[in-house]
Structures are given as structure tokens and as C-alpha cells.
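> Dropping the sequence and predicted coords here.
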Amino acid sequence: MAGYHLEAIEAAPLKDDVDIVIPTIRSLDFLEQWRPFLRHYHLIIVQDGDPSINIRVPDGYDYELYNRNDINRILGPRASCISYKDGGCRCFGFMVSKKKYIYTIDDDCFVAKDPSGKEINVIAQHIKNLETPSTPHYFNTLYDPFRDGTDFVRGYPFSLREGVQTAISHGLWLNIPDYDAPTQLVKPRERNTSLCRYVDAVMTIPKGVLYPMCGMNLAFNRELIGPAMYFGLMGEGQPISRYDDMWAGWAAKVVCDHLGFGVKTGLPYLWHSKASNPFVNLKKEHKGLHWQEDMVPFFQNLRLSKESDTATKCYMELSKMTKENLTKVDPYFENLADAMVTWIEAWEELNPPVKNEACDEELNPPVKKGSVKDVKAK
Ligand SMILES: O=c1ccn([C@@H]2O[C@H](COP(=O)(O)OP(=O)(O)O[C@H]3O[C@@H](CO)[C@H](O)[C@H]3O)[C@@H](O)[C@H]2O)c(=O)[nH]1
Ligand SMILES: [Mn+2]
């Protein structure tokens, strides 16, 4: 039994420091296949859509389940910032969690196999990505130097080899790639199943470079970047949907760059099984296809002030900038900017700063910019 127990712990690293957040408007049967990897973790399920529908959580999982009535009860008027009828509702789970790490996964994602045929433990890989430094200031041509069997290549300055703390780990997908509706429409049968499309790499996204963050296989350090992981105002009643994770990814990346944290993308892969309907998706995301031509340059060109020395302060400044610079694109962005403030107010209400009674100072003071060394010295 001990041997089995040991194996289970190895398969469930940091099980008390991770919450698994799942948005669902369908079914949770997919969790049956994840049992070997997820059974030791606590789940936070955010049930979207009609709250009167009872969804079944497979036996043996430790979980908390929130539907729309719960969100309204817990947040009151501030519930208006949580999307309805959009996967972006998942960020409510980020807010109610008390753990250091979040892993979020979609309910149509399954365990993938690597080229050797071994099942991929996504949590173990994400934890490894988050627990090892990132290298945003200078690109390592052997990719992640902290992985077994790699290192910094010749010409890599030793002054930069300590790296910075990693805030986000962005995993990828076999089978159905995360394409937008137009691409899905022209390539309806494209599948990433041949393992030659399995890229065995983890790399840091360089500082100053944005990326299209997909929420279906994503992990992050809540203590570093949680307040910036707001999945926006999407879905019913909004002019846009399916840009929830994109908005969060752009915002979180500029905040990570400003605070000196890193973002990694690559391994682990999972198996994405369900292609949502491209015509429905086109209706949901078409404004996003236009607006991204303005949203991306907005994030590329903005500069946060040095007074913004925490993710919360950065996000409040970002809300102001959103209102000033994007409302001319569409009045929607004024509502989004207000919702960003509501999100932070709700986050702070559910996650009050921990006070050090002795000196009445906040225990989680602003994080110093720069390398892991600076932060460690804090
Ligand atoms: O109204 C809704 C719709 C969906 N969900 C839940 O959100 C995730 C993703 O839904 P789905 O698998 O249908 O979406 P995809 O087209 O495959 O991918 C999109 O999802 C995002 C990445 O997570 C991104 O916007 C697109 O890549 C599932 O768990 C649904 O159950 C919901 O809660 N409410
Ligand atoms: Mn999907």
C-alpha cells in the first residue's frame, strides 16, 4: 500500500497548493479519465448557464461547485463582472481559491500521450514550469535551460542565468487546435494528431512580446499574478465572446513584464476533443476579430507607471488606460474598464491582504522587480 501511496504522491505534486478550476456548461464525465492525475487535488467547478440544472461530479473527487446563484449570492452586485454563458466565468474560481497555484482546464480536454506513448501528467509539468525560473530578458536557443538535459548555451550572460520567477505556464493541445472561427471554417478537418506535431519544448515568452493565451490548459501562480487574470466581460448581454482568455493573457503579460515575472509556453500537451461549432463561434467572436487589431497595439504600446508595484495596482492602472484608449473603438470598453475595477474590488473583498499583527504591515508587500534573487532577498 505504501508503494502505491508513494506513487500517488509523485503523481500529485504540491497537491495542497493547487486548485483545479473547471468552467462547465456541459458535463464533468471527462474527469473519469483524469483520475490518476487529478484525484488528489481539490476542484473548483464553475457551472455556467442554467443554475437549476444539477451536474454530477464523478465520485472520489474533493470539490466545491458554484453556479450562477452562488456567484450572485457571494459577490452581490459585483457579480456583474463575471461573464455569463462564456467560459470566462472560470475566473470566479480563481477568486474564491485560497491556493498558491491554479490549474484551469476545459471539460472537453483529455489525457494526451507523448511520442513514447506515456500518458502526460499535465499538473506535474505545469508545476515544474512554474517552480523553475523564466528567462524573458535574453532568448536561450536550447529553450528552457532548467529542464533535464538542457542548459544555457554559450554566449548566454551569467548575470542573467538566475532568471525571474515564473507566473504563468501555458500548455498546448493535441487533436483539435485552438483556432478562431475563420480558420476553423477553412480547415474543418485539421487535427494535430500526428506526433510529429508534438513539440518537446518549454520556452519563455520574451519580455515585451504578447501571445494569444488559451485558457484550456493553463496554470499560474495566484500570489504573483492572480488579480490580473480577469477573463473579462463576455457572453450573454455582451457584444463579444470567446476573447476571455485573450484579454486575460494580454493584460497578464504586460503586468508580468512590468513586475519582472516570466511566462512560459509549450509542454504539457493535453488532448482537446471537441470542436465547437465554427458558425456559432464566428457569431460570438467576430467583433474580437476586428477589435484585436486595436487591442493588441494598445497592450504593446502601453507603459505602466513605477508606482504600480503590485498586480492589483497594475490592473487598476490598466483599467484606466483601457477606458482612455479603447472606448473610441467601441463603448463596450468603457463597461469592460469598469468591470475590471469591480473585479479587483471583489478580489480584494475575498482575498484581503494578510496583515502582520506585530507591525501592522501587509504581509504580502509589493514584489520588487527583477530576478528571483531580488525577490528572495525581500
Ligand atoms: O457558454 C459557455 C461556453 C463554454 N463554457 C465552458 O468553457 C470551456 C470551453 O468551451 P468550449 O470547449 O466549447 O470552447 P472551445 O471552442 O473548445 O475553446 C474556447 O474555449 C476557450 C479556451 O478555454 C477559448 O475561448 C476557446 O479556445 C468548456 O469547459 C465549456 O464547458 C462555459 O462555461 N460557458
Ligand atoms: Mn473545447
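Yes, it's here. Ligands and ions are numbered 1, 2, ... in the order given.
> May I see the buried residues of stretch 115-134?
By 16 or more other CB atoms under 10 Å, the buried positions in stretch 115-134 come out as 120-130, 132-134. C-betas here are computed from N, CA, C, even on glycine.
> Need the distance between the two termini of that stretch.
One end of stretch 115-134 sits 26 Å from the other (CA to CA, to the nearest Å).
> next one: stretch 214-227
18 Å.
> Could you check it against ligand 2 for contacts?
No - with CB under 5 Å from the ion as the criterion, ligand 2 is not reached by stretch 214-227; the gap is at least 5.9 Å.
> And that stretch, how far out from the chain middle?
Distance of stretch 214-227 from its chain centroid, counting by CA atoms, centre = their mean, to the nearest Å, is 3 Å.
> swap in stretch 191-205?
Remark: stretch 191-205 is offset 19 Å from the chain centroid, using CA atoms, centre = their mean.
> Just the CA atoms of that stretch, as CSV, please.
The C-alpha coordinates for stretch 191-205 follow below in CSV (Å, rounded to 0.1, in the frame of the first residue of the first chain):
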residue,chain,number,x,y,z
ARG,A,191,-6.1,17.8,-36.5
ASN,A,192,-2.9,17.9,-34.6
THR,A,193,-2.7,14.1,-34.1
SER,A,194,0.5,13.1,-35.8
LEU,A,195,3.1,13.1,-33.1
CYS,A,196,5.5,14.9,-35.4
ARG,A,197,3.5,18.0,-34.4
TYR,A,198,4.3,17.2,-30.8
VAL,A,199,7.0,19.9,-30.0
ASP,A,200,9.1,18.7,-27.0
ALA,A,201,9.9,22.2,-25.7
VAL,A,202,9.1,24.8,-23.0
MET,A,203,10.1,28.3,-23.7
THR,A,204,9.9,31.7,-22.1
ILE,A,205,7.9,34.3,-24.0
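> Could you check how far the residue of the stretch 51-200 of the chain found nearest ligand 2 is from Arg26?
Closest to ligand 2 within the stretch 51-200 of the chain is Asp108: 4.2 Å, counting by CB to the ion. Computed as CB to CB, to the nearest Å, the Asp108 to Arg26 distance reads 7 Å.
> So the two - more neighbours on which side?
Counting neighbours by other CB atoms under 10 Å for Asp108 and for Arg26 shows that Asp108 has the greater number, 17 against 14.
> excluding its backbone neighbours, what's nearest that one?
Lys274 (3.5 Å; CB to CB, 6 or more residues apart in numbering).
> Touching the helix or strand harbouring Phe94 from outside, list them.
Under the criterion of DSSP states H and E, Phe94 resides in helix 91-96. With CB atoms under 8 Å, 6 or more residues apart in numbering as the test, helix 91-96 has contacts from 19, 21-23, 44-46, 64, 66, 71, 74-75, 82, 102, 104, 222, 226, 229-231, 244, 248, 343, 346-347, 350-351.
> on that earlier part again, I'd say the residue of the stretch 51-200 of the chain closest to ligand 2 and His272 touch.
Yes - Asp108 is in contact with His272 according to CB atoms under 8 Å; the separation is 6.6 Å.
> chain center to the helix or strand Gly266 falls within: distance?
In this assignment (DSSP H and E), Gly266 forms part of strand 262-272. Taking CA atoms, centre = their mean, one finds strand 262-272 lying 11 Å from the centre of the chain it belongs to.
> Mind giving me the packing neighbours of that strand?
The contact analysis (3 or more CB pairs under 8 Å, 6 or more residues apart in numbering; DSSP states H and E) places strand 262-272 against strand 109-110, helix 122-131, strand 166-175, strand 202-204, strand 217-221, helix 244-259.
> Give the next helix or strand downstream of the third one.
Per DSSP H and E, strand 166-175 leads on to helix 181-186 as the next helix or strand towards the C-terminus.
> quick check: mean pLDDT across that following helix?
The pLDDT scores in helix 181-186 average 94.
> Same check on stretch 134-149?
Mean predicted confidence for stretch 134-149 is 96.
> again with stretch 94-113
In this model, stretch 94-113 has a mean pLDDT of 97.
> any residue of it up close to ligand 1?
Yes - applying CB under 6 Å from any ligand atom, one finds stretch 94-113 touching ligand 1 at Asp106, Asp107, Asp108.
> Now do that stretch: distance from first to last residue.
With CA to CA as the measure, stretch 94-113 spans 28 Å from end to end.
> Also stretch 170-182?
Start-to-end, stretch 170-182 (CA to CA) is 23 Å.
> and what of stretch 297-317?
Per CA to CA, the first residue of stretch 297-317 is 17 Å away from its last.
> Within the helices and strands, which one has Lys284?
Secondary structure from DSSP H and E places Lys284 in helix 278-301.
> Give me every residue in the stretch 151-300 of the chain lying close to ligand 2.
So the stretch 151-300 of the chain meets ligand 2 at Lys274 (CB under 5 Å from the ion).
> and with 8 Å instead?
Taking CB under 8 Å from the ion as the contact definition, the stretch 151-300 of the chain meets ligand 2 at Ile176, Asp178, Met216, His272, Ser273, Lys274, Ala275, Ser276.
> With adjacent residues omitted, what lies nearest to the first one?
Okay, so that is Ile176. Once flanking residues are discounted, Ile176 sits nearest to His272: 4.5 Å by CB to CB, 6+ apart.
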